[in-house]
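Q: Next comes the sequence, and after it the predicted model I'd like to discuss.
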Amino acid sequence: MAKRLTVEDILSDELKREMNLDEKTFVVLDDWDGVKQSVYKMPIEYAGYTKKVSELRLLKEMIDTLAAANFDSVKRSESRKRQLQQFTKTLSIYYNVIFMQGKKRLGYGALIHFPKLKESPERSGGIVLAAKIVVEGTKHSSSFERGRFDDFLMEVKPYINLLGGLYRQSRRV
């Protein structure tokens with residue numbers, strides 16, 4: 001029986017692709033627009049998204065790692081776009097940070113999904129699926145965490161701004 005593709009699979013595959021891992025993936029996508037299109041075609045289960053974004057352990061780890069600047073290199077990517085024209089009532093954002101330290105690679109990714117946009121989109125609520133992939137030699141591990149938010153501007157945007165500031169600071173060093 002074929003494995004059913006999940007949002008976690010798609011997020012993990014995209015993060016692995018950006019980490020330049022030669023892994024077999026469930027889907028091969030050229031860019032984040034393809035990822036978002038695949039995500040939108042899937043029914044997203046909202047059960048399990050009970051933690052507030054501020055309680056996400058992976059978010060705190062990402063901030064701490066960037067702040068400590070104990071890595072050889074770092075890269076970040078972000079994509080935000082409204083879904084296909086027929087889905088203009090939703091929005092998804094992808095954000096990731098990948099660290100390299102010697103032969104160890106550490107990647108964090110987040111899919112931020114707004115199922116129903118309000119008139120002022122930044123005041124909308126939604127969910128966050130966070131992923132962490134650690135690669136050391138031939139071994140790798142993946143973990144996921146789910147969170148929710150009621151107001152993107154108040155609950156998520158400050159973290160994105162903090163991460164962006166820390167990233168720019170690390171690039172100047």
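A: Perfect, thanks for sending it. All values derive from a computational prediction rather than experimental measurement.
Q: Name the spans of this structure whose pLDDT lies under the cut-off.
A: Applying pLDDT under 70 to the chain flags residues 1-5, 22-47, 80-89, 173.
Q: Tell me how many other residues crowd the residue lying closest to residue 164 once chain neighbours are set aside.
A: With sequence-adjacent residues excluded and distances taken as CB to CB, 6 or more residues apart in numbering, residue 164 is closest to residue 76, at 7.9 Å. From N, CA and C alone the C-beta is placed, and that goes for glycine too. Residue 76 sits with 18 neighbouring residues when counted by other CB atoms under 10 Å.
Q: Confirm that residue 76 lies within a helix, as I assumed.
A: No. In this structure, residue 76 is strand, not part of a helix, as judged by DSSP: H, G, I helix; E, B strand; the rest coil.
Q: if I look at it, how far off is residue 98?
A: From residue 76 across to residue 98, the span is 8 Å (CB to CB, to the nearest Å).
Q: ditto for residue 137
A: Applying CB to CB to residue 137 and residue 98 gives a distance of 17 Å.
Q: So the residue nearest to residue 164 is in contact with residue 167, correct?
A: Yes. Residue 76 is within contact range of residue 167, at 5.0 Å (criterion: CB atoms under 8 Å).
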